[in-house]
Structures are given as C-alpha cells and as structure tokens.
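S.K.: take this sequence and fold it.
(2 chains)
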Amino acid sequence: LAKTTQPISMDSYEGQEVNITCSHNNIATNDYITWYQQFPSQGPRFIIQGYKTKVTNEVASLFIPADRKSSTLSLPRVSLSDTAVYYCLVGPNQAGTALIFGKGTTLSVSS
Amino acid sequence: GAVVSQHPSRVICKSGTSVKIECRSLDFQATTMFWYRQFPKQSLMLMATSNEGSKATYEQGVEKDKFLINHASLTLSTLTVTSAHPEDSSFYICSARLPSGGRGVETQYFGPGTRLLVL
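M.R.: Residues are numbered from 1 along each chain as shown, chains lettered A, B, ... in the order given. Okay, the predicted model is just below:
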C-alpha cells in the first residue's frame, strides 16, 4: 500500500483558506485518495475522496495533479472548529482492503 | 454518509477481565469490517480485518487469542479483549466499507470509537 507524507502540523487563523498537501509517490493505478478529519476521542470522519483532477463537496476541495503523486486538501475559510488532525490515505477500491493510516497533520486554527 | 456505531463508548474494567466491544453498520451491510487501535497522540493502527462468516485476519504483532473477533452478521462485528491488562488501555475504532454496488468507490466509514481503561 502506498505510503503518504504530510506536514506534521499547520497553523492558521479563522477565515483563512488552508491547503494541506500530501505526497504519495508510489501510488498505484487502482488507488484512490481519501481524506479524513479526526477530533480527539472520536473516530475519523470522511471529508473527501478522489482519483484524479479536482473534487469538490460542501466542506472541502481536493486537487490531484495529473501524475497523482501528490494531492492537496483545501479547506475554505476555516473556523476554530476545524482544529483537528487530518489524514491523507491512499488505497485501492477493493472490498476487504483496509486503509492504512500515516501520521496525519494537526491543524490548529486560532482567532 | 454511512453510519457505523460502536458500543460501549467507554469502559473501565479490572485487570484480568474480558471486555466486548460491538460495532454495527446501521444502514448498510458490511461483509468486512476493520478494527483499529489508537494510543494517545498516535495514529490509528490496523489490528484486524473481520470477515462475516469466516475467521478474522490479524495484522502482524496482534495476538488473535487476546483480541477475539466475531463477525456474526452482515451488520455486526464484535471485538473481545480477553484477560485485559493495563497495557491494553487504548481507543478502539471499528470501520466498514460502504458497498458501491459496482458503481464507484467503496468509501470506508468509521465508528465513534470505544475508550478502554484497564485498571
């Protein structure tokens, strides 16, 4: 399974856009990229998922370049409640295959 | 998104006792569920893959006799921590993939977690 590398931590202020980049140099052809958010003492919450180009939903955007060796999660206008750990995971769309977690990025949003 | 529930949300037990944690997929059927463990300030570690109607597959280093997994139905998997010791104190999280019916990606959803404290 592809390994991912993310910044350990990031700081931001309320109202700013935050971009978290994840590198996954050995991503396989059948791998998808999924981002999760985790608050303390809670299970990870699904944010967004993509295979290539750009995906947008009501909470975030995911940018994936053509070579798919990296991806960027974009959180528009963050608030204090966005303070959390964000995980980038890469894995196949294959029943029975679990996602393997890396270290994640701790995002701290200040007022 | 799909809902995965866990029960109990937290449990405190004495050393040497066994603790059962339930994981349910509330609005979909899951032939496979996954169990993770998370220690403070660390990432999630996959413990095992639970398969409905067959034996679980354990990750290297996870004792299958210590962490008994039973996937009794398409919506329920249980993890039993047998003869629990203080070092088993952790945050246990289950997960399941939402079937796509062959029409897209099977997204993995996670339960809220169970905090186990062994005294």
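
S.K.: please report how far B:S9 lies from chain A.
M.R.: Relative to chain A, B:S9 is positioned 9 Å away (C-beta to the nearest C-beta, to the nearest Å). For glycine as for every other residue, the C-beta is placed from the backbone atoms N, C-alpha and C.

S.K.: what ranges do the strands span in the chain?
M.R.: Picked chain A for this. Using DSSP state E, the strands of chain A run over A:9-13, A:18-23, A:31-38, A:45-50, A:53-56, A:61-64, A:70-75, A:84-92, A:105-110.

S.K.: that's the wrong chain, I meant chain B
M.R.: Taking DSSP E, the strands of chain B run over residues B:4-7, B:10-13, B:19-25, B:32-38, B:45-51, B:57-58, B:67-73, B:76-81, B:90-97, B:108-110, B:114-118.

S.K.: relative to A:T5, which of the ones you listed is closest?
M.R.: strand B:45-51 (18.0 Å; C-beta to C-beta).

S.K.: show me what that closest one is packed against.
M.R.: strand B:32-38, strand B:57-58, strand B:67-73, strand B:76-81 (3 or more C-beta pairs under 8 Å, 6 or more residues apart in numbering or on different chains; DSSP states H and E).

S.K.: who's in contact with A:V59?
M.R.: A:I47, A:I48, A:L75 (C-beta atoms under 8 Å, 6 or more residues apart in numbering or on different chains).

S.K.: could you tell me how many residues sit around the first one?
M.R.: When neighbours are counted by other C-beta atoms under 10 Å in any protein chain shown, A:I47 registers 19.

S.K.: correct me if wrong: it contacts A:D82.
M.R.: No. Assessed by C-beta atoms under 8 Å, A:I47 is found out of contact with A:D82, at 10.6 Å.

S.K.: burial count for A:T83?
M.R.: A:T83: 16 neighbours (other C-beta under 10 Å).

S.K.: does it touch A:L75 like I think?
M.R.: No. Contact between A:T83 and A:L75 fails when scored by C-beta under 8 Å: they sit 11.1 Å apart.

S.K.: what's the overlap in contacts for the two?
M.R.: By C-beta under 8 Å, 6+ apart, A:T83 and A:L75 have these common neighbours: A:L107.

S.K.: the residue of chain A at minimum distance from chain B: what's its closest spatial neighbour, skipping adjacent residues?
M.R.: Taking C-beta to the nearest C-beta as the measure, chain A has A:G43 as its residue closest to chain B, at 3.8 Å. Distances taken as C-beta to C-beta, 6 or more residues apart in numbering or on different chains put B:F110 closest to A:G43, at 3.8 Å, once the chain neighbours are dropped.
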